[in-house]
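A.B. asks: quick one: sequence and predicted model below, then my questions.
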Amino acid sequence: MSKSYRPQDLHAAGKDKPLALAAQGFFWTGAELIDHPAAGKAVRGQQYVEYWIPQDLRHETPIVMIHGGGAQGTNFLGTPDGREGWVQWFVRRGWAVYVVDRPQHGRSPFQPEFQGKMAQPGPTIFIERMFTRPQDFPDNYPQAHLHTQWPGKGDVEDPAFIQFFCGAGPSLADNTAAQMDAQRAGAELLDLIGPAILLTNSAGAPPGWLIADARPQLVKAIVAVEPLGPPFEAVSGPMPYGITHAPITFEPPLEDGQLPQSLDVPSPGEGMVPYKIQAEPARRIAALAACPIVVVTAEASWMAADNHAIVHFLRQAGAQVEHVRLEEHGIHGNSHALQMEMNSDESAALIERWLVQQAIR
């Protein structure tokens with residue numbers, strides 16, 4: 001890495017732009033006490049929460065940042081080339097930020113005896129194809145050739161790739177259980193901090209929808225950055241409730257054992273996938289109709305080909321959804337890991353403009 005992490009060098013680089021905090025620390029939510037034959041009482045489902053409260057607090061409503069699958073909150077705490085992340089960007093703009101490591105991720109301990117069976121690791125080449133150098137694979141998704149923003153070569157010899165890859169970790173094999181753990185921990189977090197904005201990324205989106213379902217009165221807005229999809233079928237496997245693996249509340253209610261029925265929709269245009277929505281008459285998801293939602297999609301991500309499907313599903317379920325495609329706002333070349341790429345500040349600024357437009361205090 002070209003960046004120096006020696007304290008003297010970090011001090012010299014930052015002394016003219018100090019990050020002024022009123023408070024910074026951590027706590028845990030979601031802990032369940034269980035009985036274990038060897039341990040006796042044990043804890044499972046716990047979630048690490050780190051808070052950053054600016055000295056110049058300009059906004060009453062905090063932002064809760066929820067990372068994607070196999071990742072951790074460090075995805076928001078810095079970039080692979082050593083720059084500040086979205087946490088610091090929003091704190092410098094006067095927002096209080098709570099960044100989580102979802103249960104079984106990052107600093108949230110993963111003892112399989114307590115948490116449950118780990119999913120099998122995927123091939124490393126998947127990270128290169130879908131995150132760091134998608135443009136180098138001729139058989140990749142249609143938008144891959146547009147990728148330009150990774151801060152390095154993006155292969156396993158790239159120091160920035162290694163920094164990113166070091167944060168990859170295990171997740172629960174049972175997606176439904178994982179999302180229910182994240183819902184419980186997220187609902188408890190909102191009970192402690194009050195109304196908040198949920199900023200989710202990728203596989204962090206289903207926990208966001210579920211947290212809103214559990215605490216609709218405490219979710220002021222949802223910023224879904226590259227949310228997991230398309231509905232009913234995703235890279236992580238079938239989503240039986242459309243946008244989640246775990247149950248979410250529909251109106252009219254589903255009967256015991258009943259799942260929402262799907263309807264096939266053709267591709268809306270070149271480079272976009274065909275997809276599924278609910279069969280009519282569609283059921284509403286009242287909790288998601290209670291707050292503004294924005295879906296943020298990067299130009300060169302594989303989700304540029306499928307995020308339109310999530311938007312359609314949410315609107316059909318009664319939600320107020322805006323779809324923001326970065327290239328339509330002059331932000332080009334990003335893949336799925338846009339918060340860690342060279343122009344990450346530009347996408348953060350676009351998200352903040354949307355939040356300000358919602359007049360959220």
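C.D. replies: Good, I have the coordinates.
A.B. asks: check contacts around the residue nearest to residue 106 when sequence neighbours are not counted.
C.D. replies: Residue nearest to residue 106 in three dimensions, not counting chain neighbours: residue 72, with 2.7 Å by CB to CB, 6 or more residues apart in numbering. Placement of C-beta: from N, CA and C, glycine included. Contacts for residue 72 were tallied using CB atoms under 8 Å, 6 or more residues apart in numbering; they are 101, 102, 105, 106, 107, 167, 169.
A.B. asks: checking residue 72 next. Helix, strand or coil?
C.D. replies: coil (DSSP: H, G, I helix; E, B strand; the rest coil).
A.B. asks: tell me the confidence at it?
C.D. replies: Confidence at residue 72, expressed as pLDDT, is 97.
A.B. asks: would you reformat the contacts of residue 72 as TSV and include secondary structure, distance to residue 198 and pLDDT?
C.D. replies: TSV is the format used below for the contacts of residue 72 (DSSP: H, G, I helix; E, B strand; the rest coil; distance: CB to CB, whole Å; pLDDT from 0 to 100):
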residue	secondary structure	distance to residue 198	pLDDT
101	strand	16	98
102	coil	12	98
105	coil	17	97
106	coil	18	97
107	coil	20	97
167	coil	21	94
169	coil	22	92
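A.B. asks: let me know the closest of those residues to residue 242.
C.D. replies: Set against residue 242, the nearest of the contacts of residue 72 by CB to CB is residue 102 (20.6 Å).
A.B. asks: now do the helix or strand encompassing residue 190: everything it contacts.
C.D. replies: Using DSSP states H and E, residue 190 falls within helix 175-193. Contacts with helix 175-193, where a contact means CB under 8 Å, 6+ apart, come from 27, 29-30, 32, 44-47, 49, 62, 64, 66, 98, 100, 102-104, 116, 171-172, 196, 198, 206-208, 210-211, 213-215, 218-219, 236-237, 244-246.
A.B. asks: narrow these to those in strands?
C.D. replies: Among these, DSSP state E puts 27, 29, 32, 44, 47, 49, 64, 66, 98, 100, 196, 198, 219, 237 in strands.
A.B. asks: only the buried subset of these, as a PyMOL command please.
C.D. replies: With 16 or more other CB atoms under 10 Å as the burial test, the buried ones among the ones in strands among the contacts of helix 175-193 are selected in PyMOL as follows:
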select buried, resi 29+44+47+49+64+66+98+100+196+198+219
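A.B. asks: which stretches in the stretch 1-150 of the chain count as helices?
C.D. replies: With helices called from DSSP state H, counting those that start in this stretch, the stretch 1-150 of the chain shows them at 7-14, 74-77, 86-92, 112-115, 124-127.
A.B. asks: tabulate the ones you listed (JSON lines), appending distance to residue 338 and mean neighbour count.
C.D. replies: Shown next, in JSON lines, are those (distance: least, CB to CB, whole Å; neighbours: other CB atoms under 10 Å):
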{"stretch": "helix 7-14", "distance to residue 338": "24", "mean neighbour count": "10"}
{"stretch": "helix 74-77", "distance to residue 338": "11", "mean neighbour count": "23"}
{"stretch": "helix 86-92", "distance to residue 338": "10", "mean neighbour count": "22"}
{"stretch": "helix 112-115", "distance to residue 338": "30", "mean neighbour count": "16"}
{"stretch": "helix 124-127", "distance to residue 338": "15", "mean neighbour count": "14"}
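A.B. asks: if we can go back for a sec, what's the angle from the helix holding residue 190 to strand 97-101?
C.D. replies: 150 degrees (axes from the mean of the first three to the mean of the last three CA atoms, to 10 degrees).
A.B. asks: do me a favour and get the end-to-end distance for stretch 146-161?
C.D. replies: End-to-end distance of stretch 146-161 (CA to CA, to the nearest Å): 19 Å.
A.B. asks: repeat that for stretch 66-86.
C.D. replies: 12 Å.
A.B. asks: need the max-distance pair from the contacts of residue 72.
C.D. replies: Greatest spacing in those, by CB to CB: 102 and 167 (13.0 Å).
A.B. asks: so between the two, which is more surrounded?
C.D. replies: residue 102 (28 against 19; other CB atoms under 10 Å).
A.B. asks: how close does that one sit to residue 351?
C.D. replies: 20 Å (CB to CB, to the nearest Å).
A.B. asks: for the ones in strands among the contacts of helix 175-193, which one is nearest residue 145?
C.D. replies: Of these, the one sitting nearest to residue 145 (CB to CB) turns out to be residue 237, at 27.9 Å.
A.B. asks: what is the neighbour count of the closest residue to that closest one other than its chain neighbours?
C.D. replies: Counting by CB to CB, 6+ apart, residue 175 is the residue found nearest to residue 237 once chain neighbours are left out, at 6.3 Å. By other CB under 10 Å, 21 other residues sit near residue 175.
A.B. asks: same question, residue 17
C.D. replies: Neighbours of residue 17 (other CB under 10 Å): 9.
A.B. asks: wait, doesn't residue 76 sit right on residue 88?
C.D. replies: No - Residue 76 is not in contact with residue 88 according to CB atoms under 8 Å; the separation is 9.1 Å.
A.B. asks: for the chain, which spans come out with low pLDDT?
C.D. replies: 1 (pLDDT under 70).
A.B. asks: show me the contacts for the spatially most central residue of it.
C.D. replies: Nearest to the mean C-alpha position of the chain, by CA atoms, centre = their mean, lies residue 201 at 1.7 Å. By CB under 8 Å, 6+ apart, residue 201 lies in contact with 65, 66, 67, 68, 71, 75, 225, 226, 339.
A.B. asks: quick one: the nearest residue to the last one once chain neighbours are set aside and residue 345, what's the gap?
C.D. replies: Put plainly, it is residue 339. Excluding its sequence neighbours, the residue lying closest to residue 339 (CB to CB, 6+ apart) is residue 86, at 5.2 Å. Distance, residue 86 to residue 345, by CB to CB: 9 Å.
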